[in-house]
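Visitor: Here is my input, please return the structure:
(one chain, ligands or ions: 1)
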Amino acid sequence: MNQQNSGAPARRRWRAAAVAGVVVAMTATTAVLWQGTSSAASTLGASAAERGRYFGTAIAGGRLNDSQYTTIANREFNMISAENEMKLDATEPNQNQFTFSAGDRIANWAISNGKRLRGHTLAWHSQQPAWMQRMEGSSLRQAMLNHVTRVATYYRGKIYAWDVVNEAFADGSSGARRDSNLQRTGNDWIEAAFRAARTADPNAKLCYNDYNTDNWSHAKTQAVYRMVQDFKSRGVPIDCVGFQAHFNSGNPVPSNYHTTLQNFAALGVDVQITELDIEGSGSSQAEQYRGVVQACQSVARCTGITVWGVRDSDSWRASGTPLLFNGNGQKKAAYDAVLAQLNTGQPLPSQSPGGPSPSPSTPSGGGCTATYSEGQKWGDRFNGQVTVTGSADWIVTVTVSAPQRMIATWNVGASWDSSGNVMTGRPNGGGNTFGFTIQHGGNWAWPALTCRTA
Ligand code: G3I
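Guide: Okay, here's the model as predicted:
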C-alpha cells in the first residue's frame, strides 16, 4: 500500500518561506508576518498542528513521574519518541525474549494524551544487547530481521513513523557505510530491514535516520542521498528520511539546510527533523533554532520537528544547555523564537468532516451494532470512537478511505488487511468502546463500519 502522500494536501497549504539561508537575523518582517496571521497558537504542538505539521520531543520513561516534566511535555508536544526504551537492548535483552514494558509506558502515556509516536529504532549498530553484539554473519542477519519483525508487529497500529535503520553511514569524507556487525552481514542489510518493517507494519512510515547529514555538501549527506535515490528507483519501501540535527559550535546549523531537506524531499520521501538540539544560549541559540524551523517550513514534505528532550537538564548533553526549556522548566529565548517562527506559517483553513454520516452497522444478521462518534480534530488527523451494542463478542471492521490512514488504536485488538485500509477489531478486555486516530490527508469522511458476532 502506498501511504506516502497522505499528508501532502495539507502540507501544500503551508506557506513556503522564502529563505536564502536559514540562519538569518530575526527581523521586523518576522514580527509582521506573525501578527499578520489569523492564528498565533500558544504552544509548539498546537501551532505546528494548525499548519499540518507536528512538533515532538523525546521522552525518557524514568522522568514520567516528574510532574513538571510531564506538564511541559503534555502541553507543548504532539509527537513522542522514546529516548531509549524502544531500542534493541531495551526490547530484546535476551535473544527472542522481547520486553515491551518500558516502551509501552511511553507509548501509553503518549496515546492516552492524544499524541502520536515515532518509533526509535529497529536496527542500529549501537545499543545492541550483548548477545547481538557478539553475533556476525547470517545468524546476525536473521536475528536482526526477527527483531525488526517482532518489534514492528508488536507496535503495529501505534506508530506514525519508524526509524527503521539508524546511523548506518560513516562520518568524514569517505561516503562509505559505517563498519559494523550489521554492515558485515552484507550491503543489502538496510533494504532487508525496510522490507521486513513494511511487512510487519504496512501503515507506518519507514524512515532512514542519521546525524551529520544536514550540510548538503558533506560526503555523508551525499551518500545517504544516493542510497535513498537508489531505494526509490528499485522500489525498496522507504517513506522518509530523519535528520537528527544535533548542533553545536563546531557543527552549526548549515546555511544550506533547506537545500538538503528540499533535495531529499524531491526524491519522493517525507523529511523530518528527528532529534533536534543546539548547544548554546541566548539569542544566538534562538536564532539557530528559528533557522531550523524556517528550513522545515520551506519544504512542503518536511512533516515535523522533534527536539531531543524537554528541559536542558533532561538532555543527553545537559552541559551544553541545548533544549527549549531550562532546568527549572522555564521557556528560553529559543522557545520564543521557535514558537514565533511556527506561527508565521499559514494556518489551514478551518475544516469539518464531510462525507456521509455513517449509518451504524445494521444488526440484521450481524447480531450487533457499531456506532461511530467524533473525537478530537487536529490539522492533520482526527480521533473517532466506536461503541458496540448487542453483543460482547463482536468483530467490527472500520474501513478508511484513501488517503486516510489509521495511525493508532486503543481499547481494541486490532489487525489490518493487506491494503492497510480495513481494521478488524475484537474485544481486548477494554469493554465495548474503542477508539482510533485517522490521519486524514485532506479527506475528513467518517470511516465505514460493520459489526458481526464472533
Ligand atoms: O539507565 C542507566 C543507569 O541505570 C546507569 O546507572 C547509567 C550508567 O551509565 O546508565 C544509564 O543508561 C544510560 C541511558 O542513556 C539512560 O540514561 C546509558 O548509559 C547511556 O548510554 C544512554 O545514552 C543514550 C544514548 O542515546 C546512547 O547511545 C541517551 O540517553 C540518548 O539520548 C541517546 O540518543 C541518541 C539517539 O538514540 C540516536 N542519535 C543520537 C542520540 C544522542 O546520542
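
Visitor: what lines up beside the helix or strand that contains Thr371 in the sheet?
Guide: Using DSSP states H and E, Thr371 maps to strand 369-377. Note on strand 369-377: by DSSP bridges, its sheet partners are strand 381-389 (antiparallel).

Visitor: Residues contacting the partner strand, please?
Guide: 114, 116, 353, 368-377, 394, 396, 398, 407, 425, 432-440, 444, 446-447, 449, 451 (C-beta atoms under 8 Å, 6 or more residues apart in numbering). C-beta coordinates here come from the backbone N, C-alpha and C atoms, glycine included.

Visitor: What's the ChimeraX line that selects buried ones from those residues?
Guide: In ChimeraX syntax, the buried subset of the contacts of strand 381-389 is picked out as below (16 or more other C-beta atoms under 10 Å):
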select :114,116,368,369,370,371,372,377,394,396,398,407,425,432,434,435,436,437,438,439,440,446,447,449,451
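
Visitor: The most centrally placed residue in the chain: what's its closest spatial neighbour, skipping adjacent residues?
Guide: The residue lying closest to the centre of the chain (C-alpha atoms, centre = their mean) is Arg118, at 3.6 Å. The shortest distance from Arg118 to any non-neighbouring residue, by C-beta to C-beta, 6 or more residues apart in numbering, is to Ser81 (4.5 Å).

Visitor: Name the surrounding residues that touch whichever strand or helix holds the one you found.
Guide: Secondary structure assigned from DSSP H and E places Ser81 in strand 79-82. Defining contact as C-beta under 8 Å, 6+ apart, one finds that strand 79-82 is touched by 45, 54-59, 61, 73, 102-103, 106-107, 109-110, 115-120, 160, 274-275, 304, 306.

Visitor: Domain map for this protein?
Guide: 44-343, 364-453 (the TED database).

Visitor: Just send those back as TSV, with distance to the ligand and mean pLDDT too.
Guide: Converted to TSV, the domains of the chain look like this (distance: least, C-beta to the nearest ligand atom, whole Å; pLDDT from 0 to 100):
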stretch	distance to the ligand	mean pLDDT
domain 44-343	3	97
domain 364-453	22	85
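
Visitor: Leu267 contacts Arg226, correct?
Guide: No. Applying C-beta atoms under 8 Å, one finds Leu267 not in contact with Arg226, separated by 10.1 Å.

Visitor: and the two? which has more neighbours close in?
Guide: A count of neighbours by other C-beta atoms under 10 Å puts Leu267 above the other of Leu267 and Arg226, at 17 against 11.

Visitor: Which secondary structure state does that one sit in?
Guide: coil (DSSP: H, G, I helix; E, B strand; the rest coil).

Visitor: List the contacts of it.
Guide: 225, 228-229, 232.

Visitor: again, 7 Å this time
Guide: Each residue near Leu267 by C-beta atoms under 7 Å, 6 or more residues apart in numbering is listed here: 228-229, 232.

Visitor: In the protein, what residue spans correspond to helices?
Guide: Along the chain, counting by DSSP state H, helices occupy 8-12, 28-36, 44-50, 67-76, 88-91, 101-112, 130-133, 137-154, 189-200, 219-234, 257-265, 282-297, 333-343.

Visitor: got those as JSON lines, with distance to Val386 columns?
Guide: Below are these laid out as JSON lines (distance: least, C-beta to C-beta, whole Å):
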{"stretch": "helix 8-12", "distance to Val386": "25"}
{"stretch": "helix 28-36", "distance to Val386": "40"}
{"stretch": "helix 44-50", "distance to Val386": "24"}
{"stretch": "helix 67-76", "distance to Val386": "26"}
{"stretch": "helix 88-91", "distance to Val386": "30"}
{"stretch": "helix 101-112", "distance to Val386": "16"}
{"stretch": "helix 130-133", "distance to Val386": "40"}
{"stretch": "helix 137-154", "distance to Val386": "23"}
{"stretch": "helix 189-200", "distance to Val386": "25"}
{"stretch": "helix 219-234", "distance to Val386": "37"}
{"stretch": "helix 257-265", "distance to Val386": "36"}
{"stretch": "helix 282-297", "distance to Val386": "35"}
{"stretch": "helix 333-343", "distance to Val386": "34"}
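
Visitor: quick one, which of those is nearest to Gly413?
Guide: helix 137-154 (12.9 Å; C-beta to C-beta).

Visitor: helices or strands next to that closest one in the packing?
Guide: With contacts defined as 3 or more C-beta pairs under 7 Å, 6 or more residues apart in numbering; DSSP states H and E, helix 137-154 has these neighbours: strand 116-124, helix 189-200.

Visitor: For the ones you listed, could you give me TSV that also reports distance to Ala295?
Guide: Formatted as TSV, these follow (distance: least, C-beta to C-beta, whole Å):
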stretch	distance to Ala295
strand 116-124	19
helix 189-200	26
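
Visitor: any idea which of the ones you listed is most buried?
Guide: Compared across the helices and strands packed on helix 137-154, strand 116-124 shows the largest average neighbour count, a mean of 26 (mean count of other C-beta atoms under 10 Å).
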